[in-house]
Each structure stands twice: as structure tokens, then as C-alpha cells.
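Undergrad: attaching a predicted model along with its sequence, questions to come.
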Amino acid sequence: MEYSSPTSLLLSPATLDLNIKTKTHCSNTSSTIAGFNPSLLWEQPKIPQAFVWPHSDRSQDQLQELQVPVVDLEGFFDGEDASVAATAEAVRAACTTYGFFYVINHRVDADVSVNALRTAEELFKLPLSTKLRARRRPGSAFGYVGAHADRFASKLPWKETFSFGYDYGVNDGVVEYFTSKLGEEYKSMGRVFEGYCEEMKALSMAIEELLGVSLGLGREEYREYFQDGSCIVRCNNYPACQEPEMTLGTGPHCDPTAITILHQDQVGGLQVFADGKWQAVRPVPDALVVNIGDTFMALSNGRYKSCLHRAVVNRERERRSLAFFVCPRGDKVVRPPRALLVGGDGGGDVPRAFPDFTWMELLEFTQTQYRADASTLESFARRRLLSSST
Ligand SMILES: C=C1C[C@]23C[C@H]1CC[C@H]2[C@]1(C)CCC[C@@](C)(C(=O)O)[C@H]1[C@@H]3C(=O)O
Ligand SMILES: O=C(O)CCC(=O)C(=O)O
Ligand SMILES: [Fe+2]
């Protein structure tokens, strides 16, 4: 198992900027929180061994570019039944092949999304000591993290991340998070991300309606399921790397969440495993990436596949992305709609692809026991079945 307790992490201060000795709130033992400071790492001719990934995981040069399915939402927004049906068909085609598509004409305010990426750059340029005010607590999906050096002992991703929650039922929850973690002077930064989340939520509802129509369930099925949802927002910062071919920005994985809307800058680095090989995804100005995650794969009873993807880094330019992870309310049971479980020709019940679970259970699994990868949900389901049989 990948997890290592922070105190066992023996990365020397030279490679990671600092080892802040801090008292944990419960056991009063000192633990080592390592910060990932690329400016220090940059001076080394080689990247630390902990960041080196196995050959089988490393990216190759000159990958083929994926012909990414494009879903034009203009048809959906115009509301005509025929246009909605045609847009849903494009979603179905994308979700039964790659589980991944671009959306265009999505009506997300361009100024809001440009400003969010610019503000993420500002956030990551803060002094490490400031970012560590919001350092991730063990078991939490939120906070600032450098290379996951507090969680893993090897295959460290070449990135720093800043994650926070966006709960539909809480007003100004994002602003409150930024001010409570970083300080009152970061209220405007929180306001930028609050506005970004409002735009992402509106788009996610349109996507949920299209997913419902594409599975023959109607517009309301998933929109209602997620209406009291909670989201995880993750800002990714991938510094330029002196040995990009030896590491990864984010390792191969399927998002354990339900639906991901990814806004990325124009640097490029996202790759999708499709047609039996890794393929590069070229950024498209004004287009947003949408991918199916494990939780929606379960909600569709496996009809739509969670998309296997990763992010690579490069020697010249840092790269940033904002991932908006749509999740159900934590205690809501993840179970496919009944209509997907009855035989199409009036035959017997369709077998369940995955057992019932709650999002809170799957999230906790990824934050405390299992490093999310290409088979998170299968591993989670297997452990549940084993534990229920003992
Ligand atoms: C629920 C989540 C766990 C991760 C963030 C969200 C959705 C994607 C997951 C992740 C990015 C998959 C790759 C491994 C991971 C550890 C990472 O590189 O950040 C995952 C996130 C996490 O566990 O923090
Ligand atoms: O940064 C990217 O392009 C992908 C990031 C990602 O997959 C994630 O954060 O889950
Ligand atoms: Fe992802």
C-alpha cells in the first residue's frame, strides 16, 4: 500500500523546501509536513528519486493526439426537443467510448473562468509558508498539498494542489474557506473562486440533464440526484520540470467522483487512455473538458465508463488546471435508477455492476486507505464484498 505516515517520510530538506515540525492536534506527536518548492528542486540537475515513476507509467514523446468528441451545447440551450435529443446523442456516443468530451458554447462566463485561472496562478505564487496555513489535514480532501509528500513515499506527482469544497447548500462557503484558512486579506481570492463555482454548477446541471436524456431517463433524473450535491474544486499547479520524462504531474487514474469539468490553460499535458494507448489532449480555447468518474459509472450501472487519464509535465512551461468534481451529497446512496436495472425486452433484472455505497465512503477510502488509480472503484467494491462476507 502506498500510504506512508508523514513521520516516515525521509525526503531530505535539500529536495523539499522545508520540513516543518508541527504538533498534530490529536496525538501530540511531531509529524513532518514536507513542502514542495520547485524553485529549490529546480537547482538540482536531477529530480529526487521519490518523484521518479516506473518506466511503464512514464510518458513517451510524440504521442498521437486524441480526436476529442465535441459536444456543442448551443443545441441544448435552445431547448427544442430535437436539438436536445441530438446533443444527448453526442453525449451518449462520447460516454460509451472515451467517457470524455469537450463542451463548447457552454455559456460559462469567459471573464469568470479566465480570472479563476489567473487567481490560481496568484495563489500558487504565494510564499510556501502562507500556502501551508491551509495545508491538507490527514484524511481530508481539502487544503494545500505539495506533491502529496505528506501521503505517499514514492511516485510523487510533480505538482502542488489547492482543494476546497463547494456545497450547494452553503452561501459564501468558498469565501469563508479562504478567509478562515489564509486570512481576511484573501477574501477577494475566495470571491473569485465562489463565482467560478457558481458558473460550474450551472454547467454541471446542463450536463446532468443531457446524461439523463442520453440514458433514456429524462432530464430530471440526475439533475435531481445532484441538486443537493457537494463538489470538490481542485487547483493544480504543475511547475516546469528538469526531467519531465521521468515523472508525472498526475498519475494514471479514473476520478472517483461523478462528473469532472476541467478548465485548463493552453500549455497542454492532459492525456487520456483511449483505443488501447495514451493519447494527448490538445487544449482548445474556450472549450471545457468533461469526463465521467467512477461514481457516475456506478450511477449508470456501468453503461458509461470512468475515463482513465493522467497529466504530464514539460521542461519549459508551468501548467495550471482547475478541476470541478461533481459529487452527490455525502450520505446519499449511489445506486443506478431502477429503469437501468430492468431488462430492456421485459426480461429479468439487469445485474448490478457495483454494490450500493455512499460517496462519503468512497471518498474516505481514497483519502485514508487507497491511492486513487485506474481501478479504485473495483478495489473499493471488492473490499466491501469481502468485509460483508466475513
Ligand atoms: C476524490 C478525489 C481524489 C483525488 C482528487 C479527487 C478526484 C481525483 C483524485 C486524484 C487526482 C486521482 C490521482 C491520485 C490523486 C491522489 C492525486 O494525484 O491527487 C487523487 C486525488 C486525491 O486523493 O487527493
Ligand atoms: O490537470 C489535468 O489536466 C488533469 C488533472 C486531473 O486529472 C485531476 O486533478 O483529477
Ligand atoms: Fe482526474
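TA: Sure thing, it's come through. Predicted model only: the values in this text are computed from it and were never measured. Ligands and ions are numbered 1, 2, ... in the order given.

Undergrad: drop to CA atoms for contacts and neighbour counts, all remaining ones
TA: Fine.

Undergrad: so Met200 makes contact with Val326?
TA: No - checked against Cα atoms under 8 Å, the pair Met200 and Val326 is beyond contact range at 9.3 Å.

Undergrad: may I see the buried residues of whichever helix or strand Tyr177 is part of?
TA: Tyr177 is part of helix 173-182, with elements assigned from DSSP states H and E. Under the neighbour-count criterion of 16 or more other Cα atoms under 10 Å, helix 173-182 has 173-179, 181-182 buried.

Undergrad: packing partners of it?
TA: Of the remaining helices and strands, those touching helix 173-182 by 3 or more Cα pairs under 8 Å, 6 or more residues apart in numbering; DSSP states H and E are strand 160-167, helix 187-214.

Undergrad: run a quick neighbour tally on the residue in the stretch 1-150 of the chain that ligand 1 sits nearest to.
TA: The nearest approach of the stretch 1-150 of the chain to ligand 1 comes at Ala141, 5.8 Å away (Cα to the nearest ligand atom). Neighbour count of Ala141, defined by other Cα atoms under 10 Å: 21.

Undergrad: contacting residues around it?
TA: Ala141 sits next to 163-164, 232, 367 when contact means Cα atoms under 8 Å, 6 or more residues apart in numbering.

Undergrad: and stretch 197-207, what's its mean pLDDT?
TA: Mean per-residue pLDDT for stretch 197-207: 98.

Undergrad: oh, that last question was meant for stretch 280-295, not what I typed.
TA: Taken as a whole, stretch 280-295 has a mean pLDDT of 98.

Undergrad: and Val326, what helix or strand is that in?
TA: Going by DSSP H and E, Val326 is in strand 319-327.

Undergrad: any part of that strand near ligand 2?
TA: Yes - remark: strand 319-327 sits within contact range of ligand 2 at 321, 323, by Cα under 6 Å from any ligand atom.

Undergrad: partner strands of that strand, with direction?
TA: On the basis of DSSP bridges, the sheet neighbours of strand 319-327 come out as strand 230-238 (antiparallel), strand 259-264 (antiparallel).

Undergrad: kindly reformat those as TSV containing distance to Leu288, mean neighbour count and mean pLDDT.
TA: As requested, the strands paired with strand 319-327 are exported to TSV (distance: least, Cα to Cα, whole Å; neighbours: other Cα atoms under 10 Å; pLDDT from 0 to 100):
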stretch	distance to Leu288	mean neighbour count	mean pLDDT
strand 230-238	15	23	97
strand 259-264	5	24	98
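
Undergrad: so which of those is nearest ligand 1?
TA: Nearest to ligand 1, of these and by Cα to the nearest ligand atom, is strand 230-238 at 7.1 Å.

Undergrad: which residues touch the next helix or strand after that closest one?
TA: Heading C-terminal from strand 230-238, the first helix or strand you meet, by DSSP H and E, is strand 250-253. Contact partners of strand 250-253, identified using Cα under 8 Å, 6+ apart, comprise 57, 157-159, 308-312, 372-375.

Undergrad: show me which of those residues are buried.
TA: 157-159, 308-312, 372-375.

Undergrad: got a markdown table for the residues you listed, with distance to ligand 1 and secondary structure too?
TA: As requested, the buried ones among the contacts of strand 250-253 are exported to a markdown table (distance: Cα to the nearest ligand atom, whole Å; DSSP: H, G, I helix; E, B strand; the rest coil):
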| residue | distance to ligand 1 | secondary structure |
| --- | --- | --- |
| Pro157 | 6 | coil |
| Trp158 | 9 | coil |
| Lys159 | 9 | coil |
| Leu308 | 10 | coil |
| His309 | 9 | strand |
| Arg310 | 8 | strand |
| Ala311 | 9 | strand |
| Val312 | 12 | coil |
| Ala372 | 5 | coil |
| Asp373 | 6 | coil |
| Ala374 | 9 | coil |
| Ser375 | 11 | coil |
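
Undergrad: no further questions, thank you.
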